[in-house]
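Student: Predicted coordinates and the sequence they were generated for:
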Amino acid sequence: GNSVTQMEGPVTLSEEAFLTINCTYTATGYPSLFWYVQYPGEGLQLLLKATKADDKGSNKGFEATYRKETTSFHLEKGSVQVSDSAVYFCALIPLPGGAGSYQLTFGKGTKLSVIP
Amino acid sequence: DGGITQSPKYLFRKEGQNVTLSCEQNLNHDAMYWYRQDPGQGLRLIYYSQIVNDFQKGDIAEGYSVSREKKESFPLTVTSAQKNPTAFYLCASSRPGLGAFFGQGTRLTVV
């Protein structure tokens, strides 16, 4: 079956530090890949996505590149802010029409804390 | 505005009671999902539905039930058979191959 593995947290960084959260996946074919962010007490918000190999998703200074050769989708940000403190989830969904194409698979989440 | 709405935001249940969590979407998405999230934990899939009048069990379906009579609605009932229902419940919807949109969640507490 499909699976997503992301680095365990918590991750604590100082403001303006560089952020990397690793995510690797196992899936057949070419799934679409996503990063979600969850702020305390809220639902998940889609942060960025990539639908094919070598695509780069970006939003709010965050970036992730779909690397099929390493089955990875690592999240990066050059300079984090206190407001980026949240839990980040990596996820995948299979190709449309493929087996289980409706079924999202999530990683366990990585908690990020940014201190001033 | 299009979106997905969960209600209520907070819900309290007495021991032995059934409670129903509401989830409505106006995004015209085919698929809808229910997840459970425990403190400091990831998401666990309870049920999902790809089309009206059809739904599938997820990883932790025991003690829960759902219905999908309309495309827009996917209510979740937490039954008395669910022995540890206190958790944060998240509803989501999606179209094939696309990412999901989530509601704001319902926090259920057993009192």
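Tutor: Thanks, I have it. Numbers count the residues shown, from 1 in each chain, chains lettered A, B, ... in the order given.
Student: how much space between the spatially most central residue of chain B and chain A?
Tutor: In chain B, the residue lying closest to the centroid (Cα atoms, centre = their mean) is residue B:34, at 3.2 Å. In this view, residue B:34 and chain A are 12 Å apart by Cβ to the nearest Cβ, to the nearest Å. The C-beta positions use only the backbone N, C-alpha and C, and glycine is treated the same way.
Student: partners of that residue in the sheet?
Tutor: Taking DSSP bridges as the rule, residue B:34 bridges to residue B:47, residue B:91.
Student: For it, list the residues it contacts.
Tutor: Each residue near residue B:34 by Cβ atoms under 8 Å, 6 or more residues apart in numbering or on different chains is listed here: B:21, B:23, B:45-48, B:58, B:64, B:66, B:74, B:76, B:89-91.
Student: ok, how many other residues are close to residue B:27?
Tutor: 15 (other Cβ atoms under 10 Å in any protein chain shown).
Student: Let me know the pLDDT of it.
Tutor: Reading off the confidence values, residue B:27 has pLDDT 93.
Student: what's the neighbour count on residue B:76?
Tutor: 22.
Student: again, but for residue B:54
Tutor: For residue B:54, the neighbour count with other Cβ under 10 Å is 9.
Student: Residue A:17 now?
Tutor: Close neighbours of residue A:17, defined as other Cβ under 10 Å, add up to 14.
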